[in-house]
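[1] requesting a structural model of the entry that follows:
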Amino acid sequence: MKKITREPKNLSFLVDGKIEPKISIKPGEILMVETERADLMYLNRENPVFLDHADVMKVGANPVTGPIYVEGAEKGDKLAVTVHDIVLGEDKTEAYCTYVPGQGVFGNAFYPGLDYPPCTQWFDVSGENLRFNFSGKEFALPVTPFIGTICVAPAERVALAYTFGKDILGNVDCGWIRKGSEIVMPVNQSGALLSVGDLHAAQGAGELLGCAIETRGYAVISVRLIKAEEEYCFDWPQVNTDKFIGSVGCIENSLEAAVRHAVYDLIKRVEWQCKISFMEAYMLLGECVEIDICQFTDSLRSALAKLDRKYLVKN
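    Sure, this is the predicted structure:
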């Protein structure tokens, strides 16, 4: 198994096709990708908080590991990444979630804001549960590891690693980008130039706090190529499992648009896969589609539209 470490030379706050690849893999090869914590290990028990968003930006947010060059990937192909495993905190470092004034679902122009100082909770992610301690009471949440950011290089533009796009996927914070899932993205440059980062131990819908349970760790992945000439229905990025097929919509400042794009894409996929009309697929999904809100913080909006595979009837 190949491995790419989280040492500084392999990390970037940018997604850019001009960044030199750090490792090369063949389709089918297994790769371990170490990832850095979202704060670059800036916070600790002695320095536990960010004062505000500007303080966060001084450090940087959501570094990704890569780029990873995929042999044989060419512009126009699709890259399908399988997540075989996610291991959190293997180096015994703590995870955290933090409230940063001005961030999160209440940090916007339509709400006066929460007049509270910054605060942080620390977590051991080695067990099955995460333990919050509030006012002398303990609240336990199950550890549910997933990849917050997975992306390919764009064709021409340069993207910040904490952003997203139809062309790259990126920081959509979808809780289903986890062990057992396959993520499908477009290839915009030779080698695809895949990057991975922002592992989470848990996160509620939308990452409303503006922060999940942020942690170091590693993901074990492999890739396959869907060549441009192959018959395959694709427009928006996909998250698929053995239980469902899913399409991701991601649009700045409009959750409604993100949901519409995800659902429309899923309708087109069902039309193509089941060989039925668009209206028939629309009527079917209208009664059984599931929607997960993935990102709803600051200006980022992303959603996953899912359809249980039991409805994918083939005749």
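
[2] who touches residue 9 in this structure?
    residue 22 (CB atoms under 8 Å, 6 or more residues apart in numbering). C-beta here means a position set from N, CA and C on the backbone, and glycine is covered the same way.

[3] correction: the previous question concerned residue 64.
    By CB under 8 Å, 6+ apart, the neighbours of residue 64 are 11-13, 15, 35, 149, 151, 161, 195-198.

[4] just the buried members of those?
    Among the contacts of residue 64, the ones that count as buried by 16 or more other CB atoms under 10 Å are 11-12, 15, 35, 149, 151, 161, 195-198.

[5] how about the residues you listed in a markdown table, adding pLDDT?
    A markdown table is the format used below for the buried ones among the contacts of residue 64 (pLDDT from 0 to 100):
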| residue | pLDDT |
| --- | --- |
| 11 | 98 |
| 12 | 98 |
| 15 | 97 |
| 35 | 98 |
| 149 | 98 |
| 151 | 98 |
| 161 | 96 |
| 195 | 98 |
| 196 | 98 |
| 197 | 98 |
| 198 | 98 |
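
[6] and those, which is closest to residue 278?
    residue 151 (29.9 Å; CB to CB).

[7] my guess is that closest one contacts residue 185. True?
    Yes: with contact defined as CB atoms under 8 Å, residue 151 reaches residue 185; the gap is 7.3 Å.

[8] between these two, which contacts overlap?
    Taking CB under 8 Å, 6+ apart as the contact rule, residue 151 and residue 185 both touch 168-169.

[9] helix, strand, or coil at residue 55?
    helix (DSSP: H, G, I helix; E, B strand; the rest coil).

[10] what about it, how many residues close to it?
    Neighbour count for residue 55, taken as other CB atoms under 10 Å: 15.

[11] for it, what are its contacts?
    residue 100.

[12] can you give me the helices for the stretch 1-150 of the chain?
    Here the stretch 1-150 of the chain has its helices, by DSSP state H, counting those that start in this stretch, at 53-59.

[13] look up the closest residue to residue 265, ignoring the ones flanking it.
    With CB to CB, 6 or more residues apart in numbering as the criterion, residue 265 has its nearest non-adjacent residue at 3.9 Å, and that residue is residue 247.

[14] hmm, back to that, nearest to residue 130 among the buried ones among the contacts of residue 64?
    Checking those against residue 130 by CB to CB gives residue 198 as the nearest, at 16.9 Å.

[15] gap between that closest one and residue 76?
    In this view, residue 198 and residue 76 are 28 Å apart by CB to CB, to the nearest Å.

[16] helix or strand for residue 273, which one?
    helix 255-274 (DSSP states H and E).

[17] any residues touching stretch 233-246, and which ones?
    With CB under 8 Å, 6+ apart, stretch 233-246 has contacts from 78, 166, 169, 172, 174, 176-177, 180-186, 226, 247-250, 261-262, 265-266, 268-269, 272-273, 290, 304-309, 312.

[18] helices of the stretch 201-315 of the chain, start to end?
    With helices called from DSSP H, counting those that start in this stretch, the stretch 201-315 of the chain shows them at 255-274, 278-288.

[19] report the inter-axis angle for the first one versus helix 278-288.
    This means helix 255-274. Relative orientation of helix 255-274 and helix 278-288, computed by axes from the mean of the first three to the mean of the last three CA atoms, to 10 degrees: 120 degrees.

[20] how far does helix 255-274 sit from its chain's centre?
    19 Å (CA atoms, centre = their mean, to the nearest Å).

[21] other SSEs contacting it?
    Packing partners of helix 255-274 (3 or more CB pairs under 8 Å, 6 or more residues apart in numbering; DSSP states H and E): strand 244-250, helix 278-288, strand 290-297, strand 300-308.

[22] comparing those, which comes out most buried?
    strand 244-250 (a mean of 26; mean count of other CB atoms under 10 Å).

[23] just want the angle from that strand to strand 300-308.
    160 degrees.

[24] quick one, strand 244-250 and strand 290-297 angle?
    Interaxial angle, strand 244-250 versus strand 290-297 (the same axes, to 10 degrees): 30 degrees.

[25] distance from the chain centre to strand 244-250, please.
    12 Å.

[26] tell me the mean pLDDT for that strand?
    Across strand 244-250, the average pLDDT comes to 98.

[27] may I have that strand as PDB, with CA atoms only?
    Output of strand 244-250 as PDB, limited to C-alpha atoms (Å, rounded to 0.1, in the frame of the first residue of the first chain):
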ATOM      1  CA  PHE A 244     -28.300   4.400  -2.600                       C
ATOM      2  CA  ILE A 245     -27.200   6.600  -5.400                       C
ATOM      3  CA  GLY A 246     -26.700  10.300  -4.700                       C
ATOM      4  CA  SER A 247     -26.000  13.600  -6.400                       C
ATOM      5  CA  VAL A 248     -24.300  16.600  -4.700                       C
ATOM      6  CA  GLY A 249     -25.400  20.100  -5.400                       C
ATOM      7  CA  CYS A 250     -23.200  22.900  -4.200                       C
END
